[in-house]
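Student: I'll drop the sequence and a predicted model, then ask my questions.
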Amino acid sequence: MINDGVTDSLVTRTVYNSIREVAMSKKTITKSPKLLGRLAATAAVAILGMSLFAASSQAADTLGAIKKRGALNCGVNVGLAGFSIPDSAGNWTGLDVDICRGIAAAIFGTGDKVKFFPYNAQQRFTALQSGEVDILSRNTTMTLTRDSKNGFEFLPVVYYDGAQFMVKTNSKFKSAKELANQSICVQSGTTTELVMNEFFNSNKIKFKPVVMAEQIDSENAFFSGRCQALVTDGSGLAAVRAGRNLTDKDYRILPEVISKEPLAAAIRKDDPNFRTVAYWTVNVLMAAEEFGITKANVDQMKSSDNVEIKRILGVEPGIGASMGIDDSWAYNAIKAVGNYGEIFERNVGQGSALKLKRGLNAQWNKGGLVYAPPIR
Ligand SMILES: N[C@@H](CCC(=O)N[C@@H](CS)C(=O)NCC(=O)O)C(=O)O
């Protein structure tokens, strides 16, 4: 079984167990006629379970519930500089936070109608599955099993990342391959735990994993010298370092990028209408950067002659209405948080403590992977 920080849903587990039970009893089928009845019943339960799962994944009206509640419930990290962090007054900022504010603005006209719920790596999936939050916007890697086993759907990638190692700058380590027999601090319930094992095993390097459930314990173990390296997403390392007012003069990130970690917000696969709104809001923030629409010029841009800009900003009506929201959905989202480039720079880019380069996160026509499909 793949351990990808995935928590099985009850229904998935029940169906899986029923099918396994059927498979295991196949051998004795001819010896016990009673068993045939039991098998039929077990299979029926499995099918019922599957159809209940399918029904529940069709039935919900998440968008309606959000509108009725008057706020979007957004799951975020407990505190990761640049991505989601509360200030002393409890105001949340960060790239992941702005994605939720943008979606809230598309629905309600203001980015303030959003409630933030902080989760550690292990809690996050149950929170989304149980309906405690409508969306999980928390430095989460899009993977197949998080989709297939948890019943999640990922929105467009907001940060293309990869796992890396951080060491003390004055240590002897210049490459991850020099970490043989060293203690490596890692957080459980993450893709990092998995890719770190794969990296060392495939390179036949022995190492000592120090696995902690809470990021803070993992960080403390590393900064107190219990581990020689800390491993997580490159952006996470920059965030941890910046969060402690440290720079590359103190702690260095080693060059090997040992995995692909496309970070994206996740939603339940239960309401296609909410999916449309959330998915296209992230896209439209990216399109806004491509078309030069900013938080500052969005009003002027309404008089642009460009037909795609007109559609985006609702000057040419119909797009918002087609999703069951106001035609100024994109105008409101951009006005609330700015375009994707502004969100990036403000929170994690050169204008922030993290100082991350755009790299893969540049627009497609600037050498990156950020590519919004047509808004039409
Ligand atoms: N992107 C990876 C790692 C995400 C992750 O949880 N990273 C850690 C290390 S930066 C974190 O954010 N921990 C904070 C916490 O759990 O409070 C994943 O989706 O599994």
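Tutor: Happy to help now that I have it.
Student: spit out the contact partners of Thr110.
Tutor: Going by Cβ atoms under 8 Å, 6 or more residues apart in numbering, Thr110 touches Ala104, Asn332, Ala336. Yep, even glycine has a C-beta here, placed from its N, CA and C like the rest.
Student: flag every residue of the protein that's near the ligand.
Tutor: Applying Cβ under 6 Å from any ligand atom, we find that the chain lies next to the ligand at 5, 77-78, 80, 120-121, 139-141, 187, 190-192, 215, 232-233, 236, 261, 263.
Student: and Val186, helix, strand or coil?
Tutor: The three-state assignment at Val186 reads strand, by DSSP: H, G, I helix; E, B strand; the rest coil.
Student: tell me the confidence at it?
Tutor: Val186 carries a pLDDT value of 97.
Student: might one say that it is in contact with Leu194?
Tutor: No. Contact between Val186 and Leu194 fails when scored by Cβ atoms under 8 Å: they sit 9.7 Å apart.
Student: and the two? Which one has more around it.
Tutor: Per other Cβ atoms under 10 Å, whichever of Val186 and Leu194 has more neighbours is Val186, with 25 against 18.
Student: quick one: the more buried one and Ser235, what's the gap?
Tutor: With the distance defined as Cβ to Cβ, to the nearest Å, Val186 ends up 16 Å from Ser235.
Student: Cys74 falls within a strand, correct?
Tutor: Yes. When three-state DSSP is applied, Cys74 is found to be in a strand.
Student: grab the nearest non-local neighbour of it.
Tutor: Of all residues not flanking Cys74 in the chain, Cys100 sits nearest, at 3.6 Å (Cβ to Cβ, 6 or more residues apart in numbering).
Student: contacting residues for the one you found?
Tutor: Contacts of Cys100 (Cβ under 8 Å, 6+ apart): Leu72, Cys74, Val76, Val114, Phe116, Ile135, Ser137, Ala265.
Student: tell me which of the residues you listed is nearest to Asp96?
Tutor: Ser137 (4.2 Å; Cβ to Cβ).
Student: how close does the closest one sit to Lys269?
Tutor: 17 Å.
Student: more neighbours: which of the two?
Tutor: Legend: neighbour count by other Cβ under 10 Å for Ser137 and Lys269, higher for Ser137 (34 against 18).
Student: that one against Ala265, yeah?
Tutor: Yes. With contacts counted by Cβ under 8 Å, Ser137 reaches Ala265, the gap being 4.1 Å.
Student: any shared contact partners between those two?
Tutor: Asp96, Ile99, Cys100.
Student: any chance of these in JSON lines, plus distance to Gly243 and secondary structure?
Tutor: Below are these laid out as JSON lines (distance: Cβ to Cβ, whole Å; DSSP: H, G, I helix; E, B strand; the rest coil):
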{"residue": "Asp96", "distance to Gly243": "15", "secondary structure": "helix"}
{"residue": "Ile99", "distance to Gly243": "20", "secondary structure": "helix"}
{"residue": "Cys100", "distance to Gly243": "20", "secondary structure": "helix"}
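Student: from those, which is closest to Ala176?
Tutor: Checking the shared contacts of Ser137 and Ala265 against Ala176 with Cβ to Cβ, the nearest one is Asp96 at 26.8 Å.
Student: look up the closest residue to the closest one, ignoring the ones flanking it.
Tutor: Residue nearest to Asp96 in three dimensions, not counting chain neighbours: Ser137, with 4.2 Å by Cβ to Cβ, 6+ apart.
Student: enumerate every residue touching the one you found.
Tutor: Taking Cβ under 8 Å, 6+ apart, we find Ser137 in contact with Cys74, Gly75, Val76, Ser84, Asp96, Val97, Ile99, Cys100, Ala265.
Student: any idea how far it is from Val240?
Tutor: Applying Cβ to Cβ, the value for Ser137 to Val240 is 19 Å.
Student: hang on, the earlier thing: and the contacts of Cys100 as TSV, adding pLDDT?
Tutor: Putting the contacts of Cys100 into TSV (pLDDT from 0 to 100) gives the following:
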residue	pLDDT
Leu72	98
Cys74	98
Val76	98
Val114	98
Phe116	98
Ile135	98
Ser137	98
Ala265	98
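Student: among those residues, which ones are buried?
Tutor: Among those, those classed as buried by 16 or more other Cβ atoms under 10 Å are Leu72, Cys74, Val76, Val114, Phe116, Ile135, Ser137, Ala265.
Student: contact partners for the fifth one?
Tutor: Taking Cβ under 8 Å, 6+ apart, we find Phe116 in contact with Cys74, Gly75, Val76, Ser84, Pro86, Trp92, Val97, Cys100.
Student: go on, the first one?
Tutor: Listed by Cβ under 8 Å, 6+ apart, the contact partners of Leu72 are Ile66, Cys100, Ile103, Ala104, Ile107, Phe108, Lys113, Val114, Lys115, Asp134, Ile135.
Student: which ones among those residues are found in helices?
Tutor: When DSSP state H defines the helices, the subset of those inside them is Ile66, Cys100, Ile103, Ala104, Ile107, Phe108.
Student: one step back: between the buried ones among the contacts of Cys100, which is closest to the ligand?
Tutor: Val76 (10.0 Å; Cβ to the nearest ligand atom).
Student: now that closest one, nearest residue through space, not along the chain?
Tutor: Spatial nearest neighbour of Val76, excluding adjacent residues (Cβ to Cβ, 6+ apart): Ser84 at 3.7 Å.
Student: re earlier: show the pLDDT at the residue nearest to Cys74.
Tutor: On the pLDDT scale, Cys100 gets 99.
Student: report the beta-bridge partners for the residue in the stretch 251-376 of the chain that the ligand sits nearest to.
Tutor: Distances between the stretch 251-376 of the chain and the ligand by Cβ to the nearest ligand atom are smallest at Glu261, namely 4.9 Å. For Glu261, the beta-bridge partners under DSSP bridges are Asp161.
Student: thanks again, I'm all set now.
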